[in-house]
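Asks: model the following, please.
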Amino acid sequence: MQDFANYRTSTDLGASRAYSAAWSPDIPSLIFGVLLGVAACLVGLKVVQTKADQAVFIEAPITVEEVVEKPLEFDFYDALKTYVVLPRTYD
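Replies: Have a look, this model is predicted:
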């Protein structure tokens, strides 16, 4: 069986590469992000304005309808009154 582990011979436990504490933002990425955010906001605003304008055109006069209350009429109720059930005969 082969051992794939790498063994260090040095006892240096420090970082192999020193990282600088100074951080600088990536300017092109920031500009691209701001432009993309502004474009998304403008598209969203345009969609909302379009839907609001459509809602104005759809408005119709409100009409009040009278509710006429009729008693419930079941057609099967009269049929059940006239239906004759014969008693069961056990032979």
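
Asks: pLDDT weak spots in the chain?
Replies: Within the chain, the ranges that satisfy pLDDT under 70 run 1-21, 55-60, 77, 91.

Asks: now with 80, please.
Replies: By pLDDT under 80, the low-scoring segments of the chain are 1-25, 52-65, 67, 72-86, 90-91.

Asks: for it, longest helix please?
Replies: Here the longest helix in the chain is taken by residue count, with DSSP state H as the criterion, and it is helix 27-58.

Asks: buried residues in that helix?
Replies: Residues of helix 27-58 classed as buried by neighbour count (16 or more other C-beta atoms under 10 Å): none. Quick note: C-beta positions are derived from backbone N, CA and C, even for glycine.

Asks: from the contact counts, what lies against that helix?
Replies: Counting contacts by 3 or more C-beta pairs under 8 Å, 6 or more residues apart in numbering; DSSP states H and E, helix 27-58 packs against no other helix or strand.

Asks: could you identify the helix or strand that succeeds it?
Replies: Where DSSP states H and E defines the elements, the next helix or strand beyond helix 27-58 is helix 75-82.

Asks: and that next one, C-alpha only, in PDB?
Replies: This file holds the C-alpha atoms of helix 75-82, laid out as PDB (Å, rounded to 0.1, in the frame of the first residue of the first chain):
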ATOM      1  CA  ASP A  75     -85.700  18.400  -6.300                       C
ATOM      2  CA  PHE A  76     -84.900  15.100  -4.700                       C
ATOM      3  CA  TYR A  77     -86.900  16.000  -1.600                       C
ATOM      4  CA  ASP A  78     -90.300  15.600  -3.300                       C
ATOM      5  CA  ALA A  79     -89.100  12.400  -5.100                       C
ATOM      6  CA  LEU A  80     -88.200  10.900  -1.700                       C
ATOM      7  CA  LYS A  81     -91.700  11.600  -0.400                       C
ATOM      8  CA  THR A  82     -93.300   9.600  -3.200                       C
END
